[in-house]
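Q: quick one, what's the 3D model for this:
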Amino acid sequence: MENVNLALILGAGLLAACSPGPATLTIAGTAMQRGRAAGLAVAAGISSGSLIWSVSAAFGLGAVMLANAWIFEVVRYFGAGYLMYLALRSARSALRTGTPELRASSATSLRAAFAKGLALHLTNPKAVLFFGSVYAIGIPPGTEPSVLLVVIGAIAVQSTLVFHGYALLFSSAAASRLYLRLRRGFEAVFAAAFGAASWQILVARLG
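A: Numbering: from 1, shown residues only. Got it, this is the predicted structure:
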């Protein structure tokens, strides 16, 4: 584990999981409009989708990078660029007045809510790019599979706690109103954090 930048991986993962986006808005909308159980079901589906992309990137994409070193640098800069894109999007949102529009969930059962969350994350191309860039930057070539499993498990636990925490938080009407009222301040913080993460990836020296 000494060659794996687990702090960078978990830090980037935490920023991505906590940032306002389709996943968090769906969890929030479902929890506020359909209750805590439905919100937790959607969160479980999103967490499962995150785990699937994490495993795919750790093993599939990692093998491709071992055979083609240039892909490592391409994904490195794409990853930094993507994080900067998130920073700019968050900054623009922070400057915009008003509140985000939350759509009601159409799920009619906990199973349907879980499927909705899973489909949301599996069809998100940004999730593929995020996990590919994070594993490329944080894990050097030749890392043992046992170490990869530790990293995958750590990301899975962190993502599950964050997504389920959102469901619990937004199931409270008072908490949801507070978040919406302070949205611009939250997104300003996310903009600064994503910008810092992008810079760290660009200047990181691995191996």
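Q: I figured A94 hits A192, correct?
A: No: the criterion here is C-beta atoms under 8 Å, and A94 misses it with A192 at 9.7 Å. (Each C-beta comes from the backbone N, C-alpha and C, glycine too.)
Q: the two - which one has more neighbours?
A: Shown here are A94 and A192; by other C-beta atoms under 10 Å, A94 has more neighbours (17 against 14).
Q: the protein: helices as residue ranges?
A: Here the chain has its helices, by DSSP state H, at 6-18, 22-34, 36-56, 62-67, 69-95, 110-122, 125-138, 145-170, 173-181, 183-203.
Q: so how far is G35 from G49?
A: Here G49 is placed at a distance of 22 Å from G35 (C-beta to C-beta, to the nearest Å).
Q: show me which of these two is the more surrounded one.
A: Set G49 next to G35 and count neighbours by other C-beta under 10 Å: G49 wins out with 21 against 13.
Q: and the residue lying closest to that one once chain neighbours are set aside, how many neighbours?
A: Leaving aside its sequence neighbours, G49 sits nearest to H121 (C-beta to C-beta, 6 or more residues apart in numbering; 2.8 Å). Using other C-beta under 10 Å, H121 has 23 other residues around it.
Q: how near is S47 to R184?
A: S47 sits 28 Å away from R184, going by C-beta to C-beta.
Q: got it, and V150?
A: With distances taken as C-beta to C-beta, V150 is found 38 Å from R184.
Q: next: V203.
A: Per C-beta to C-beta, V203 is found 29 Å from R184.
Q: so the two - more neighbours on which side?
A: Between V203 and R184, R184 has the larger neighbour count (other C-beta under 10 Å), namely 14 against 8.
Q: quick check: closest non-adjacent residue to that one.
A: A94 (4.9 Å).
Q: what of G39?
A: A31 (2.8 Å).
Q: what of A115?
A: Spatial nearest neighbour of A115, excluding adjacent residues (C-beta to C-beta, 6+ apart): G45 at 6.3 Å.
Q: didn't that neighbour look like it was pressed against L122?
A: No: using C-beta under 8 Å, G45 is not in contact with L122, being 9.2 Å away.
Q: so these two - more neighbours on which side?
A: Comparing G45 with L122 by other C-beta under 10 Å, the one with more neighbours is G45, at 27 against 16.
Q: could you measure from that one over to L202?
A: According to C-beta to C-beta, G45 and L202 sit 34 Å apart.
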